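In: got a predicted model here, sequence first, then my questions.
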There are 4 protein chains.
Amino acid sequence: MVYVMTLQCEDLPGIVHAASTAIVAVKGNILENDQFTDPVTNLFCMRTRFESPASLEDARTRLASDLSRFSPRLGLRAEDVRRRALIMVSTSDHCLVDLLYRRENGDLPVDIVAVVSNHPDLAPLAARYKVPFYEIPVTPPTKVAAEERLRELVVDLGVDFVVLARYMQVLSPELCDELRGRIVNIHHSFLPGFKGARPYHQAYERGVKLIGATAHFVTAELDDGPIIDQDVIRVSHARSSGDLVALGRDVERVVLARAVKLIAEDRVALVGRRTVIFSQ
Amino acid sequence: MVYVMTLQCEDLPGIVHAASTAIVAVKGNILENDQFTDPVTNLFCMRTRFESPASLEDARTRLASDLSRFSPRLGLRAEDVRRRALIMVSTSDHCLVDLLYRRENGDLPVDIVAVVSNHPDLAPLAARYKVPFYEIPVTPPTKVAAEERLRELVVDLGVDFVVLARYMQVLSPELCDELRGRIVNIHHSFLPGFKGARPYHQAYERGVKLIGATAHFVTAELDDGPIIDQDVIRVSHARSSGDLVALGRDVERVVLARAVKLIAEDRVALVGRRTVIFSQ
Amino acid sequence: MVYVMTLQCEDLPGIVHAASTAIVAVKGNILENDQFTDPVTNLFCMRTRFESPASLEDARTRLASDLSRFSPRLGLRAEDVRRRALIMVSTSDHCLVDLLYRRENGDLPVDIVAVVSNHPDLAPLAARYKVPFYEIPVTPPTKVAAEERLRELVVDLGVDFVVLARYMQVLSPELCDELRGRIVNIHHSFLPGFKGARPYHQAYERGVKLIGATAHFVTAELDDGPIIDQDVIRVSHARSSGDLVALGRDVERVVLARAVKLIAEDRVALVGRRTVIFSQ
Amino acid sequence: MVYVMTLQCEDLPGIVHAASTAIVAVKGNILENDQFTDPVTNLFCMRTRFESPASLEDARTRLASDLSRFSPRLGLRAEDVRRRALIMVSTSDHCLVDLLYRRENGDLPVDIVAVVSNHPDLAPLAARYKVPFYEIPVTPPTKVAAEERLRELVVDLGVDFVVLARYMQVLSPELCDELRGRIVNIHHSFLPGFKGARPYHQAYERGVKLIGATAHFVTAELDDGPIIDQDVIRVSHARSSGDLVALGRDVERVVLARAVKLIAEDRVALVGRRTVIFSQ
């Protein structure tokens, strides 16, 4: 069995030794190991992928015991048990098309358990890939109830993380706090430039020579959460703001897909306002 | 003789025809031609490189005459008469080193007629490349006199444009207006993100995954002038803000050198808040 | 009416003047103009987009007449009459998915008139987008007949160009010659590196740090035709050859879509073994 | 004291545990840890940066003892004892200028102990940075003696690795074998494309849309050694082969500087024909 362990705790000498002792004890062989100590928070983060004949329960017990003096936040899962994602969209389909396609062809090791939208438009797309679609309209008077419905889905479907794939509603600060580190959004600009609405039009007005997209965790403050990935594409003066929207779609879908894959593989650790990415 | 013509006027039918008529009249052959009509300002911009046996005076007269009904802003120079640049620095040398090196090895077709600094540190570097160095210290009480001295140099040395190659003083709004479109600055961030001081430290705090640099014309409003070129480089969570400073130097020097080359070759047109770049 | 004119002829003085005279004569206004003289072949290439109240026939007559002394290869089409493409695939769907999606959402101004495959697998995908699907199996004994069938389709459907979107059969030299400059292929490596089969496995063996894809015109010599576009993506030692295949798909589809768009907009000129790209 | 340990051995369970046990034993704290098992060779590679109050001798003894059953190739150095590099050049100065500049401003943690050239041209540049310069001309009859002189310098100056910074002579297979994994070369193309002489002219003829540079270890087979880093830059049809040479210089110097830094920091492991790069 292949396991993925994630660990986060205050940095102290001996953590790697304790973890490797536990892994040896369960006859494990380390396949991948990444670690980082964040100098701002002094948090030590580790991700270890190892093979072991032990059961999940036994491996977890041994790791928890050997690491207990560090009081870590410890994660352990069998690699073949995939993370469960819920995707939220409005009417733009380019990111959803891409995520569903990648999951289907095996590039994205994630279970997409639901698509939620405030509009009915993308229901046929979800149906084509046999993913349950939930229309949850949002208006000022129904916003609280809509978020309550979303919370239920997250619990009932065992959702590990939520993907805002061009979902055009702002979530309440309460929900952002509850699901801290579990909601990823794709913002269609190179943050921190061009926060808020119509970023490509802002970019056109400003005359930038590169446009970008940013995948980040959602926090109560708009477009200000920890960044997971970003990328850019070169544009010339000859491009209209409509062209920028079209060109940007390519960057958005690629950046969001990379971020979802990183999360699905437990490669993202959150340290304060920043992320640690254990990329390949 | 090879000439570079630049032209800017309100967009109307017949401009290309009028220009090509004049060029035919001076027995010219067009080597390169680029044009663009900016939809925001309705300004038509053209850059034409042509060969002709005519003298500069004759070619200019004919072009001015044939194009007169468009009331254009017309530029014409013999290609082998280089643009004259004045470079301003403080204590960081990486951009100046790079510009001087590129000019010397023939990559940068520009005459560097002076290096001006508010510090004496880089005088030896300028001396090594035989470029006159002027130390003009700037303190609150001497700032007006310092800018007056700079104005004199611009006039006396026949300076076409000024390059702020990590010059750490803010120019007065009056000077920015006087030399509108003739001062290029390298800002050490991907504008409009991280304006102002210590952008790499801001970038580190924000946890961005790409850092960048921006070459732009200087306007009275800080770090808000028309962008000429930008670029970025990928950085990981493991990089300290000191690392970002070091990595950023590479982007800064490359982006500034590209911008200076574009200006030196008359490839940059200014339309409102945006630039048109006739790149190769 | 907006027209796109393309022109290619030996470089001589006066071409731009003659073309602009004709455009003025049909009360045209130039919207975009690009030109280039290839120093190797001395071929002059021009692409001009202009508005005119004249009919296609009148505009073409006038241009042909005014430019006749240059004996140009002249193209003229109304911009809203789209180029007609035939797409060939085998079993990989990522490029076809992408092209069909981009055409549907309006990013790709082309009419996809048929999908041809030597396998039935992708028929449902074509059907979903209502594009006629033709299965033409290819075996050594049927290869000649299969190419004959393809020729018929090209003629009967008025196909402007053929797109090999991961089509895994080699076309005969005769067909490549007949359709010279009208077949675009996506090769899954950064040419000229790793020609032929299994390029990602070759790349893995060689330990490259960037992998790429190349869109090129097809010629009788395998993977050696004029290059239209290329791009690369960074890969680490930790990536298996299977990972490279998956990562490469993203580059392939983006590069092929860019190349198809360039061709559909008449932005590609062929000069000897090289292409001239009039990009925006 | 901060130490950098590198380790390479056949992959077996327990290596990380043994290494961490030794580090705990010398009261060490791990600052950075990277590891990788190459699936082709089954070689396990590790790089660990740790702090410890122990002396170099004590730390090495303990590590060697605790790891002895794995028969590893083990490296250990105090981080502040820099690697010693010898740079070889011919007449092009752009890479040497860059390496010397980066070392001086602190970006490149390496001691440059000598510049060796088959031409006298760059002696003043070395002198400016106070680096000893050795002119060792190479002609067919003197080639053996010249390499003998180089060998002596490598031994006498305690050289860790040799940098061919656009050195235009081919080293003998014997010397390449002797210094396997200790000579890095910058090749001015994106290998494996355009091996051998005049790669930019080959690239121009082929009409590529991106040009590149490759830093690789030197082996007896020309331009075929394990790749350390590569990068590319976009070029248009309008660029002459002379332009490609100039544009390529920027890529060459950046790629070579990155490779030298990686080697200087012990971040490069050699596994068969491929490298493992423990980048930040």
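Out: Arrived safely, thanks for sending. Everything quoted here is computed from the prediction, not taken from an experiment. Numbering: from 1, shown residues only, chains lettered A, B, ... in the order given.
In: helix, strand or coil for A:L74?
Out: strand (DSSP: H, G, I helix; E, B strand; the rest coil).
In: now do the contacts for it.
Out: A:L74 makes contact with A:5-7, A:60, A:63-64, A:67, according to C-beta atoms under 8 Å, 6 or more residues apart in numbering or on different chains. (C-beta placed from N, C-alpha, C; glycine too.)
In: for the buried ones among those residues, write the corresponding ChimeraX selection.
Out: The buried subset of those, as determined by 16 or more other C-beta atoms under 10 Å in any protein chain shown, is captured in ChimeraX by this line:
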select /A:5,6,7,60,63,67
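In: ok, so of the contacts of A:L74, who is nearest chain B?
Out: Ranked by distance to chain B (C-beta to the nearest C-beta), the contacts of A:L74 are led by A:T6 at 15.0 Å.
In: per-residue confidence at the residue of the stretch 1-150 of chain A found nearest chain C?
Out: Closest residue of the stretch 1-150 of chain A to chain C, C-beta to the nearest C-beta: A:D107 (5.0 Å). pLDDT, A:D107: 94.
In: could you do the one 3 residues further on as well?
Out: A:V110 is assigned a pLDDT of 98 by the prediction.
In: count of neighbours near the nearest residue to it once chain neighbours are set aside?
Out: Leaving aside its sequence neighbours, A:V110 sits nearest to A:A264 (C-beta to C-beta, 6 or more residues apart in numbering or on different chains; 4.0 Å). Using other C-beta atoms under 10 Å in any protein chain shown, A:A264 is surrounded by 20 other residues.
In: which residue does the stretch 101-250 of chain A have closest to chain D?
Out: For the stretch 101-250 of chain A, C-beta to the nearest C-beta, closest residue to chain D: A:R234, 8.2 Å.
In: next, the contact list for that residue, please.
Out: By C-beta under 8 Å, 6+ apart, A:R234 lies in contact with A:209-210.
In: pLDDT wise, what is it at?
Out: So A:R234 comes in at 96 (pLDDT).
In: check which helix or strand A:A213 maps to.
Out: strand A:210-217 (DSSP states H and E).
In: quick one: that strand near chain D?
Out: No: using C-beta under 8 Å from any C-beta of the partner chain, strand A:210-217 never reaches chain D; the gap is at least 12.9 Å.
In: distance between the next helix or strand after that strand and the chain's centre?
Out: For strand A:210-217, the following helix or strand on the C-terminal side (DSSP H and E) is strand A:227-234. Relative to its chain's centre, strand A:227-234 lies at 15 Å (C-alpha atoms, centre = their mean, to the nearest Å).
In: relative orientation of strand A:227-234 and strand A:210-217 in degrees?
Out: 170 degrees (axes from the mean of the first three to the mean of the last three C-alpha atoms, to 10 degrees).
In: re the thing from before, the residue nearest to A:V110 contacts A:P109, doesn't it?
Out: Yes: shown here, A:A264 and A:P109 form a contact pair, counting by C-beta atoms under 8 Å, at 5.5 Å.
In: mind listing the helices for the stretch 151-280 of chain A?
Out: Remark: helices assigned in the stretch 151-280 of chain A by DSSP state H, counting those that start in this stretch are A:173-178, A:199-206, A:241-264.
In: so which elements touch the longest one?
Out: Going back to what we said before, that points to helix A:241-264. strand A:83-89, helix A:94-104, strand A:110-117, strand A:161-164, strand A:183-187, helix A:199-206, strand A:210-217, strand A:227-234 (3 or more C-beta pairs under 8 Å, 6 or more residues apart in numbering or on different chains; DSSP states H and E).
In: a markdown table for these, including distance to C:A220?
Out: Conversion of the helices and strands packed on helix A:241-264 to a markdown table gives the following (distance: least, C-beta to C-beta, whole Å):
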| stretch | distance to C:A220 |
| --- | --- |
| strand A:83-89 | 47 |
| helix A:94-104 | 35 |
| strand A:110-117 | 45 |
| strand A:161-164 | 47 |
| strand A:183-187 | 45 |
| helix A:199-206 | 44 |
| strand A:210-217 | 40 |
| strand A:227-234 | 34 |
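In: by mean pLDDT, show me the worst of those.
Out: Ranked by mean pLDDT, the helices and strands packed on helix A:241-264 end with helix A:199-206 at the bottom, a mean of 94.
In: for chain D, what's the nearest residue on the stretch 51-200 of chain A?
Out: For the stretch 51-200 of chain A, C-beta to the nearest C-beta, closest residue to chain D: A:E51, 8.9 Å.
In: so which bits of the stretch 101-250 of chain A are right by chain C?
Out: A:101, A:105-107, A:128, A:236, A:238-239, A:243, A:246, A:249-250.
In: of all the residues you listed, which two lie farthest apart?
Out: Spanning the widest gap among those are A:G106 and A:A238, at 38.8 Å by C-beta to C-beta.
In: who's more crowded, the two?
Out: Between A:G106 and A:A238, A:A238 has the larger neighbour count (other C-beta under 10 Å), namely 15 against 9.
In: neighbours around the closest residue to A:E10 other than its chain neighbours, how many?
Out: Of all residues not flanking A:E10 in the chain, A:N42 sits nearest, at 6.1 Å (C-beta to C-beta, 6+ apart). Using other C-beta under 10 Å, A:N42 has 12 other residues around it.
In: against A:L108, how distant is the residue nearest to A:V110?
Out: With distances taken as C-beta to C-beta, to the nearest Å, A:A264 is found 7 Å from A:L108.
In: show the contacting residues for A:V2.
Out: Here A:V2 is in contact with A:31, A:49-51, A:78-80 (criterion: C-beta under 8 Å, 6+ apart).
In: which one of the residues you listed has the most neighbours?
Out: Highest neighbour count within these, by other C-beta under 10 Å: A:F50, with 27 neighbours.
In: for the residue of chain A positioned farthest from its centre, give me the pLDDT.
Out: Ranked by distance from the centre of chain A (C-alpha atoms, centre = their mean), the top residue is A:A238, with 34.6 Å. Per-residue pLDDT puts A:A238 at 96.
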